[in-house]
Every structure is written in structure tokens, then in C-alpha cells.
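[1] Got a sequence here, can you build the structure:
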Amino acid sequence: MANGDETSFEHWVRQYQAFLYRAAWALTGERTLAQDLVQETFAQAWRARAQLRQPAAAQGWLYRILCRAALRQRREPWAPWDEADCAGAVAELPALDARIDLVRALQRIAPAHREILVLYYLTDMDYAQLAAALDIPAGTVMSRLHRARQALRRALGEDDTDDANAR
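    Residues are numbered from 1 along each chain as shown. Next comes the predicted model:
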């Protein structure tokens, strides 16, 4: 990738676009902002492509670029959905109620907890890849993930004493 080959970069975009979009949407709560952040991430990655020395670390490297781009946006935290606006749309979809509850619970937990949960459950990253993406030790990944699960359970109103069904 460091050689600047545009065809390789296009393949790279196709490979990581969905991952970055899911991460950006989960971190921001806004689809259009997530799309903008993904575009900005790839633009910055193209400009800094020579800095990536290990292609196997591309996913973590892109995620760090995405996080920095999200921080520069300095947007307000997620605004809760107005149930009156979407009452008719969700009345017939009971599974959607659970998803909305999860989104609301994610809004109520700390950004660091939301970030680790999103990365762990929406990607195929292992602890080592998470550590690289977040620039923290693997042991910190495990403890932060444990605390994030507990925080999410509390936000969902569930008992957080048993971590056996964590994944």
C-alpha cells in the first residue's frame, strides 16, 4: 500500500469501508456524520499511506485515523430519538424496540466503554488487534471490555454480577 498504487488503495477501501462505517456510526450515532468521517479517514489515509509500515496493522491504523477525525468534529453527544416522530414506524417491529433500547443504553455509557464494545462486537478484531487500534496494552483491553459490559448491563437495567454470557 505504501507504494501509492491507486488500484491497491481502491481494493483497500472496499475491504475496510464497512468496518469503518459501522465503527463511525456506533461512535457518533449519526449516519451522515459517519459517512463523512469514513471519507475523511480514507482521505487522510491516502495522504499518510507511506506511514503504514505493516499492512497487517491497517485496520487498527485506519481506526485511529477515524477516531482522531471524530474528535475533530466536536459534535454534541447523541441526541435521544423522539419516540413521537417514529411511533408508527416501530409499532409493528418488536425486534426494533430491543435495538433502540441498546442504542439508548450505549448513549448512556462512557465513550471509552462504547468504543471498546463497538469494536469488539462489530468487528472480528481480537484482543491484540484491539490493543493496537486503541493504542493500549492487551490487558487493558480485557479489563476495559469487562467494565464496559458491566456498564452496558447497568444501562440496560440488567444484573451485572455474571459475566459468563458476555459473548
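[2] rest of the way, CA atoms for contacts and neighbours
    OK.
[3] all helices for this structure, in order.
    6-28, 31-47, 58-73, 87-90, 94-108, 111-122, 127-134, 138-156 (DSSP state H).
[4] Any chance of JSON lines for the ones you listed, columns mean neighbour count and mean pLDDT?
    Shown next, in JSON lines, are those (neighbours: other CA atoms under 10 Å; pLDDT from 0 to 100):
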{"stretch": "helix 6-28", "mean neighbour count": "17", "mean pLDDT": "84"}
{"stretch": "helix 31-47", "mean neighbour count": "18", "mean pLDDT": "90"}
{"stretch": "helix 58-73", "mean neighbour count": "18", "mean pLDDT": "83"}
{"stretch": "helix 87-90", "mean neighbour count": "11", "mean pLDDT": "47"}
{"stretch": "helix 94-108", "mean neighbour count": "15", "mean pLDDT": "68"}
{"stretch": "helix 111-122", "mean neighbour count": "18", "mean pLDDT": "83"}
{"stretch": "helix 127-134", "mean neighbour count": "19", "mean pLDDT": "84"}
{"stretch": "helix 138-156", "mean neighbour count": "18", "mean pLDDT": "92"}
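[5] separation between the residue nearest to residue 26 when sequence neighbours are not counted and residue 51?
    In this structure, residue 26 finds its nearest non-sequential neighbour in residue 118, 6.5 Å apart by CA to CA, 6 or more residues apart in numbering. Counting by CA to CA, to the nearest Å, the gap from residue 118 to residue 51 is 26 Å.
[6] One more: residue 12?
    Distance from residue 12 to residue 51, by CA to CA: 15 Å.
[7] who's in contact with the one residue sitting closest to the centre of the chain?
    With distances taken as CA atoms, centre = their mean, residue 23 lies nearest the centre of the chain, 2.6 Å away. Contacts for residue 23 (CA atoms under 8 Å, 6 or more residues apart in numbering) come out as 118-119, 122.
[8] domains for the protein, by residue range?
    With domains defined by automatic domain parsing, the chain comprises 6-73, 87-156.
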